[in-house]
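In: Got a predicted model here, sequence first, then my questions.
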Amino acid sequence: MTRSTMFYSLGLFLLPTLAVSTQQPFALKHGPVTSAVATNIDIKVPVKLGVMSACPDALVCEAVFDKVLEQVREIVDINLTYIAKLNSSEPDFGVTCMHGTNECAGNVQQLCTAKYADPIAWWRFVQCQNFEGRYRVGLPEVALNCASAAGIDWEGGGSGECAGVDGGGKGAEGVLLLQKNVEATEKLGVRKSCTVLINGRPVCVHDSEWKDCEAGHTVADFVQQIRKEYVLLNRDENA
């Protein structure tokens, strides 16, 4: 059995995916988030994770948020913002990534799937890359395997054209997305992977260990913070 075949077989069972969310409404699986959000979703809570795709801290952070999303996916708008340095002399990406060019490719692959794939499929794609291990994030074969495992039409759905049909992560559109994303990350002042921002505010950092987490860093802590922010956002909107 080849590695790819093994991956497809294992991926369906071992990946901490949210595939069940595509089969039944979130509320039926988990019950109402709170009485305030049981029937009407208005403004979702913006959550950003400041990461480097091949960073061990990113993998820890994204694993925690995989569990967070199981409870609050319907009220969250989650995105990844990438920490790197703009560098016009870098020939392939115009960006220098801390963990090398494969990390830049991984960033591009994730940005392109975020743009063109269903949000749940995108998140499965990211988790799939993480499952392979940080030293394989960005490799073309991993991107193609993970796209298949996540149910993403790589060639026909836009992600492949954006990132490179061969999975290399050097597609022109994807490289431009990376440069713009890195510029936005710098404007946010995010410098450590992984930095958790909820509604634009940094609330926690994982830098070898959890730091600066005033409201806690467990799954339950993040869920509580998101639920509270959701109520506040929608109270203000509907006041």
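Out: Nice, I can see it. All values reported here derive from a predicted model rather than from experimental measurement. Numbering: from 1, shown residues only.

In: For burial, what's the neighbour tally of residue 193?
Out: 26 (other C-beta atoms under 10 Å). Bear in mind the C-beta positions are built from the backbone N, C-alpha and C, glycine included.

In: how close does it sit to residue 132?
Out: Noted for residue 193: a distance of 18 Å to residue 132, by C-beta to C-beta, to the nearest Å.

In: helix, strand or coil for the closest residue in space to residue 211 that isn't next to it in sequence?
Out: Sequence neighbours aside, residue 205 is the residue nearest to residue 211 in space, at 4.8 Å (criterion: C-beta to C-beta, 6 or more residues apart in numbering). The local conformation at residue 205, judged by DSSP: H, G, I helix; E, B strand; the rest coil, is strand.

In: Quick one: residues contacting residue 205.
Out: 192, 194-196, 211-213 (C-beta atoms under 8 Å, 6 or more residues apart in numbering).

In: looking at the chain, which helix or strand does the model trust least?
Out: Every helix and strand of the chain was ranked by mean pLDDT, DSSP states H and E. The lowest is helix 26-30, at a mean of 29.

In: Filter the contacts of residue 205 down to the buried ones, ChimeraX style.
Out: Buried members of the contacts of residue 205, defined by 16 or more other C-beta atoms under 10 Å, are picked up in ChimeraX with:
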select :192,194,195,196,213
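
In: Restricted to helices, list the contacts of residue 205.
Out: Of the contacts of residue 205, none are assigned to helices by DSSP state H.

In: Out of the contacts of residue 205, which is nearest to residue 150?
Out: The closest of the contacts of residue 205 to residue 150 turns out to be residue 194 (C-beta to C-beta; 21.2 Å).

In: Nearest the geometric middle of this protein, what residue?
Out: residue 80 (4.9 Å; C-alpha atoms, centre = their mean).

In: contacting residues around stretch 164-177?
Out: 92-94, 104-109, 111-112, 115, 138-144, 147, 154-155, 160-163.

In: let's see 6 Å
Out: Outside stretch 164-177, the residues that touch it by C-beta atoms under 6 Å, 6 or more residues apart in numbering are 92-93, 105, 108-109, 111-112, 138, 140, 143-144, 155, 162-163.

In: what's the span of it from first residue to last?
Out: 13 Å (C-alpha to C-alpha, to the nearest Å).

In: Going by neighbour count, list what's buried in that stretch.
Out: Judged by neighbour count using 16+ other C-beta under 10 Å, the buried positions of stretch 164-177 are 164, 167-171, 173-175, 177.

In: Low-confidence ranges, the chain, go.
Out: The model of the chain has pLDDT under 70 over residues 1-41, 236-239.

In: where do the helices sit along it?
Out: For the chain, the helices defined by DSSP H occupy 3-14, 26-30, 56-72, 101-116, 119-132, 140-149, 159-163, 172-188, 219-238.
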